[in-house]
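Undergrad: Dropping the sequence and predicted coords here.
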Amino acid sequence: MSLSEKVTIVTGGANGIGKATCIQLAKRGAKVVVVDFRSNPAAESVVSEIAAGGGEAVSIQADVRSAEQMSRLVTEVKNAFGRIDALVCNACTDAEPAAFAELSWERFERQLREEMKAAFEPTKAVIPTMTEQHFGRIVYLSSTEGRDPTPGHIAFGTAKGGLDTFARYIAQEFGPYGISANVVAPGFVRLNEPLTISDEESRVVGSFTPLGRVAEPEDVAGVISFLAGDDARFLTGTYTPVTGGLVME
């Protein structure tokens with residue numbers, strides 16, 4: 001599957017699933033924009049790794065929750081590459097575990113607001129360009145917790161459920177303009193970052209997962225890359241759990 005010359009923006013692209021996605025997109029021929037909200041050496045490292053493999057990438061520091069910074073991002077990308085073919089909304093807030101009985105409205109609202117702004121502002125920024133082009137692919141990173149409740153994650157799960165619905169509305173409204181919007185929902189993913197699933201948890205979860213293990217970032221990145229490409233041209237409004245069969249649709 002080729003993504004030759006497709007210009008793809010990946011938010012939260014410096015680490016984990018975002019990093020794996022940037023690398024896979026570049027291997028398939030895309031020009032990749034690695035977005036991180038910090039001045040992050042990790043983002044430059046991703047760009048260097050892509051360049052070493054013969055790909056083309058740039059990193060841009062921007063906060064996806066800021067309309068002004070997203071507008072600047074779009075201007076910079078169009079100045080550099082002339083167009084925007086795909087947006088991968090991977091940046092999100094971390095879950096703040098709390099049972100409902102212990103949860104304040106302010107804390108609940110913050111999770112919803114931050115999660116939705118991380119999708120709303122980048123989408124709002126790229127839609128005019130994609131509409132003008134009559135072409136665009138948008139992929140949103142959700143979580144199976146949006147549909148399958150996890151104890152203590154009511155705020156995070158509700159936010160992800162809102163993201164799933166948001167994606168369907170974008171798919172419906174902008175389908176006539178050649179723009180698709182799809183959701184990828186990972187379950188357990190093994191990441192080399194703090195506060196992620198441990199080796200022991202991976203072993204236990206993998207033991208009752210039909211495919212026998214938890215996901216690696218590259219497993220999720222492969223699905224994202226497919227949805228960003230032309231082979232997914234007649235898919236929109238879809239929800240794909242990437243769980244090795246632990247969650248089935």
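TA: Thanks, I have it.

Undergrad: what sits against Ser59?
TA: 13-14, 33-36, 40, 43-44, 46-47 (C-beta atoms under 8 Å, 6 or more residues apart in numbering). The C-beta positions use only the backbone N, C-alpha and C, and glycine is treated the same way.

Undergrad: who's it bridged to?
TA: Taking DSSP bridges as the rule, Ser59 bridges to Val34.

Undergrad: which regions of this structure lie under the pLDDT threshold?
TA: When residues are selected by pLDDT under 70, those of the chain lie in 1, 192-197.

Undergrad: so where's the longest strand in it?
TA: Ordering each strand of the chain by length in residues (DSSP state E) puts strand 179-186 first.

Undergrad: Show me the residue at the heart of the protein, geometrically.
TA: Asn90 (2.4 Å; C-alpha atoms, centre = their mean).

Undergrad: what packs against the top helix by length along the chain?
TA: Assignment by DSSP state H gives helix 105-133 as the longest helix of the chain. Applying 3 or more C-beta pairs under 8 Å, 6 or more residues apart in numbering; DSSP states H and E, one finds that helix 105-133 makes contact with strand 7-11, helix 67-81, strand 86-89, strand 136-141, helix 154-174, strand 179-186.

Undergrad: how about the ones you listed in JSON lines, adding distance to Gly212 and mean neighbour count?
TA: Output for the helices and strands packed on helix 105-133, formatted as JSON lines (distance: least, C-beta to C-beta, whole Å; neighbours: other C-beta atoms under 10 Å):
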{"stretch": "strand 7-11", "distance to Gly212": "29", "mean neighbour count": "28"}
{"stretch": "helix 67-81", "distance to Gly212": "40", "mean neighbour count": "16"}
{"stretch": "strand 86-89", "distance to Gly212": "28", "mean neighbour count": "29"}
{"stretch": "strand 136-141", "distance to Gly212": "24", "mean neighbour count": "26"}
{"stretch": "helix 154-174", "distance to Gly212": "26", "mean neighbour count": "19"}
{"stretch": "strand 179-186", "distance to Gly212": "17", "mean neighbour count": "25"}
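
Undergrad: could I get the contacts of Ser59 as CSV with neighbour count, secondary structure and distance to Ile23?
TA: Shown next, in CSV, are the contacts of Ser59 (neighbours: other C-beta atoms under 10 Å; DSSP: H, G, I helix; E, B strand; the rest coil; distance: C-beta to C-beta, whole Å):
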residue, neighbour count, secondary structure, distance to Ile23
Gly13, 32, coil, 10
Ala14, 24, coil, 12
Val33, 29, strand, 13
Val34, 30, strand, 10
Val35, 30, strand, 15
Asp36, 25, strand, 15
Asn40, 16, coil, 16
Ala43, 26, helix, 13
Glu44, 16, helix, 14
Val46, 27, helix, 7
Val47, 21, helix, 10
